[in-house]
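Novice: After the sequence you'll find the predicted model.
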Amino acid sequence: MSKRVLAIGFALMLMVFVTGNVSAQFPNPHPFIGVYFDSGCSVDAFPLPPDPCPGVGVLDTLYICLVNANAFVLAVEFSVSYCPALTWLADLDTPPTTFGTTPTGISIGFGSTPKNGFSPISVCKVLVQWNCGPCDWYPDCPIVVDKHPASVRAYPSYVDLYFVEYDTIGLTSIVCPMTIATEESTWGKVKALYIE
């Protein structure tokens, strides 16, 4: 009887050990760098219909964040392609070890105080000027995060505390997103929209 209990206990312990190792092999969500319209790094489409753009000549601040790094981060490298609905004026709140600008490619080093990538990291702020009034001036206008043009890497990247460089996904934010239909339609009605 005791040998059976011992065998069952050993089998359960082995199952817990194997299951723990298998679940540890699945990666965390992939890290990404995005341009956001709020300091909390959550709003990546602005303004939502039916609101118009803030107006021609209005100054505003955008936020660039690294999310899901899940490491202590020493540096980031990327570029941003801004849409015509706004004009880039300056990068703000960058550390002293910053080279370049977001439109031409920027490399930011956080120095001796690495950033905690287990929560979203505010990489820098961007001062922009709006060039639009009604959203039909620039519908679905993209702001795209891409790799640094001088980088040998194919994607935006960051360096962790152990000097290992990782690729990230560069997100696309949208200025003046088009309204999404909320009522049912048929394929015939959709095709009729495009028939001349």
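Specialist: Nice, thanks for sending it over.
Novice: neighbours around the residue nearest to Ala69 when sequence neighbours are not counted, how many?
Specialist: In this structure, Ala69 finds its nearest non-sequential neighbour in Gly117, 2.8 Å apart by Cβ to Cβ, 6 or more residues apart in numbering. The C-beta positions use only the backbone N, C-alpha and C, and glycine is treated the same way. Number of residues near Gly117 (other Cβ atoms under 10 Å) recorded here: 21.
Novice: can you pull the contacts of Gly117?
Specialist: Pro31, Leu66, Asn68, Ala69, Asn70, Ala71, Phe72, Val73, Tyr158, Asp160 (Cβ atoms under 8 Å, 6 or more residues apart in numbering).
Novice: wait, what's in contact with Tyr158?
Specialist: Going by Cβ under 8 Å, 6+ apart, Tyr158 touches Pro31, Ile33, Leu66, Ala69, Val73, Ala75, Val76, Glu77, Gly117, Glu165, Tyr166, Thr168.
Novice: Closest to the centroid, which residue in this structure?
Specialist: Nearest to the mean C-alpha position of the chain, by Cα atoms, centre = their mean, lies Gly34 at 2.8 Å.
Novice: Not counting sequence-adjacent ones, nearest residue to it?
Specialist: Nearest to Gly34 is Leu171, by Cβ to Cβ, 6+ apart, at 3.5 Å.
Novice: That neighbour contacts Val145, correct?
Specialist: Yes - using Cβ atoms under 8 Å, Leu171 is in contact with Val145, at 5.6 Å.
Novice: shared neighbours of these two, which are they?
Specialist: Here Leu171 and Val145 share the contacting residues Ile33, Gly34, Val35, scored by Cβ under 8 Å, 6+ apart.
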